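Engineer: Let me see the structure of the following:
(chains A and B, ligands or ions: 2)
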Amino acid sequence: MTLSNEFTTVIVEKIRTRNGERLRITSPRLGYSIDLDPLELEALTWQTVDTFSRLLHTPYGPEEEGVDVHPLSDLVLFGGGDA
Amino acid sequence: MPWSKIVGGSSRLGELLEELATGLEQGLLPAGIFNDPEIFEREKEKIFSRSWIFLAHTSEIPSPGDYVLRYILDNAFIVVRGEDGQVRAFLDMCRHRGMRVCRAEAGNASHFRCPFHGWTYRNDGALVGVPAEREAFGEGFSKADWSLLPIPKLEEFDGLLFGNLSPEAPSLKEWLGDASWYLELVTKRSHAGLEVLGPPQRFVVNTDWKLALETFISDSYHTLMTHRSLIELGIAPRDAKYAMYGEQIHIPGKGHGTMVVGGPPGAKLPPFWGYPEEMMERAKTSYPTRTHWEVAKETRIFLITLFPNFSLHNPIRKPDHLYPKPVPMLTFRVWHPLGPGRIEVVSWGLVEKDAPEWFKEKALHSYMRFFGSSGTFEQDDTEIWSHVARNAGSTLGRRVLFNYQMGRGVAPDPNWPGPGVAYPINFTDENLRNFYRRYLELMLD
Ligand code: FES
Ligand SMILES: [Fe+2]
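Structural biologist: Ligands and ions are numbered 1, 2, ... in the order given. Model prediction:
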């Protein structure tokens, strides 16, 4: 089953493992996927909108903490003078 | 937040400028300056009537008689190379009764003949033909007094022709100041210089000229979201924050700004924008200093915006999802103001004259795919700019204050080898705060 709106598209499907079932939710554009078992799904039923507001903090999925941002000047050799 | 906290006062011209003056250093700008008839009238007089405005690149008019029509505000100028090889620009207005004497956007002509009563001008502006001259005007008539009117000022920088409506304007060199060091990263990348890839594309967008240029002087932050589809397609680098990894540099007192972006950490992007290696090697002898070359070698995306409305964008891009290698493209653009909340974008694609032929073709494809009327990036941007301008002109929206606070408090990079004030991260509004300082200075003058 595909659900789309003006912001994104997700695919929801029931998958079978050797011994049971899970619900797979896939974001084809970002390449993320999660397989939720019934217990996790049940836990979703008592979440409030706040939970999802927190999850939506970043638009591309989780961000790496503390990415090293080096200034470009680190890469530029200071030759100076004439070419 | 209560409404009273986020809105400024009334939106009359004086109060808008007052709000801009009080809010600027805190990074608060009134939306109303982006779509207001009174602001626009003042910009015409205070900014566009005395700033250097880009008109043409000399490669558009290489031979005697070649001309293009170009505009500053509502004034049409014939930019033409005379039979003597010299480039001039004339107001396209017959001295007899004001008819247009040139009615094609580009062409080659030794003379321009007015379709009204037939006065005829040589391409150096001289009036050479007046029908029935003696019978109609008598013996004393002096054609020398009735030449086409030259633009008050016309100057060239490395093939870039700029005009100025004010005879009192400072020289182009003085106007550019240290921005010329950065312009040279592009204009002196080869001994042969640049050439245009065909005539410019032109299209009208319902937005303000300042909103458009913001993207090209500072706002790399928007690529995260505005151009997300291109990241998803793998055409822009996979790291959505790719445009963050660079230096943002402004020229204090002048309003100009530039962005020199390297590669995201770990991204395998070729040096020197991905230009063919032979071009990179040749640049060692064409650049004025070794520092130019060292900076260029680490550059993947480069933008510069000259106050008020000329921008240049030179990014490395994958021409499409099928072509295996990234190919850089270069565009010049003028954000030509038509009215409040309305501009015409004039967009050129350019390439080094001595680049290999296969590369010129790829660079043209790259340009057309991403910029210009059908370009993906351009379409993303213009759609958004038009809604911002619409909100900025709305009765309530015009009083809202915008946030220009990104990067406040970040210290300049002491190691940057070029001129101007450099910041070590490109996600900052520093160039914009500098731009609006200059804007305000002229608007209040
Ligand atoms: S207006 Fe041009 S000849 Fe009369
Ligand atoms: Fe953009």
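Engineer: Can you list the low-confidence ranges for the chain?
Structural biologist: As the question left the chain open, I've gone with chain A. A:77-83 (pLDDT under 70).
Engineer: think we crossed wires, I meant chain B
Structural biologist: Regions of chain B meeting the criterion pLDDT under 70 cover residues B:1-11.
Engineer: where exactly do the strands run in the stretch 301-445 of chain B?
Structural biologist: B:301-306, B:310-317, B:327-328, B:330-339, B:342-352, B:401-403, B:421-423 (DSSP state E, counting those that start in this stretch).
Engineer: Number of residues surrounding residue 32?
Structural biologist: Answering for chain A, as no chain was given. Neighbourhood size, residue A:32 [other Cβ atoms under 10 Å in any protein chain shown]: 13. Where C-beta positions appear, they are placed from N, C-alpha and C, glycine not excepted.
Engineer: wrong chain, I was asking about chain B
Structural biologist: Per other Cβ under 10 Å, the neighbour tally for residue B:32 reads 27.
Engineer: What of residue B:155?
Structural biologist: 16.
Engineer: give me the element it is part of.
Structural biologist: Assigned by DSSP states H and E, residue B:155 belongs to strand B:153-157.
Engineer: Tell me which helix or strand comes right after that strand.
Structural biologist: For strand B:153-157, the following helix or strand on the C-terminal side (DSSP H and E) is strand B:160-164.
Engineer: How far off centre is that next one?
Structural biologist: 11 Å (Cα atoms, centre = their mean, to the nearest Å).
Engineer: how about the residue in chain A that chain B sits nearest to, phi and psi?
Structural biologist: With Cβ to the nearest Cβ as the measure, residue A:71 is the residue of chain A nearest to chain B, at 3.3 Å. Torsion angles at residue A:71 (phi, psi; degrees, to the nearest 10) stand at phi -70, psi 150.
Engineer: Just want the most central residue of chain A.
Structural biologist: residue A:61 (2.8 Å; Cα atoms, centre = their mean).
Engineer: repeat for chain B
Structural biologist: residue B:310 (1.6 Å).
Engineer: for it, what are its contacts?
Structural biologist: By Cβ atoms under 8 Å, 6 or more residues apart in numbering or on different chains, the contact set of residue B:310 is B:53-54, B:162, B:332-334.
Engineer: Report the two of those residues separated the most.
Structural biologist: Farthest pair in the contacts of residue B:310 (Cβ to Cβ) is B:162 and B:333. Separation: 14.3 Å.
Engineer: who's in contact with the closest residue to residue A:23 other than its chain neighbours?
Structural biologist: Of all residues not flanking residue A:23 in the chain, residue A:36 sits nearest, at 4.9 Å (Cβ to Cβ, 6 or more residues apart in numbering or on different chains). For residue A:36, the contacting residues are A:22-25, A:44, by Cβ under 8 Å, 6+ apart.
Engineer: Could you identify the most distant pair in those?
Structural biologist: Checking the contacts of residue A:36 with Cβ to Cβ, the most distant pair is A:24 and A:44, at 14.4 Å.
Engineer: Alpha carbons of stretch B:31-45, as CSV, please.
Structural biologist: Presented in CSV, the C-alpha positions along stretch B:31-45 are these (Å, rounded to 0.1, in the frame of the first residue of the first chain):
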residue,chain,number,x,y,z
ALA,B,31,9.1,41.8,4.7
GLY,B,32,7.6,44.9,3.1
ILE,B,33,10.9,45.9,1.4
PHE,B,34,10.4,43.0,-0.9
ASN,B,35,7.2,44.0,-2.6
ASP,B,36,6.2,47.7,-2.2
PRO,B,37,5.6,50.4,-4.8
GLU,B,38,7.2,53.1,-2.8
ILE,B,39,10.3,51.1,-2.0
PHE,B,40,10.6,50.2,-5.7
GLU,B,41,10.4,53.9,-6.7
ARG,B,42,13.1,54.8,-4.3
GLU,B,43,15.3,51.8,-5.5
LYS,B,44,15.0,53.1,-9.0
GLU,B,45,16.3,56.5,-8.0
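Engineer: And it, how far out from the chain middle?
Structural biologist: Relative to its chain's centre, stretch B:31-45 lies at 19 Å (Cα atoms, centre = their mean).
Engineer: where does the stretch 101-250 of chain B come near ligand 1, residue by residue?
Structural biologist: Neighbours of ligand 1 within the stretch 101-250 of chain B, by Cβ under 6 Å from any ligand atom: B:114, B:116-119.
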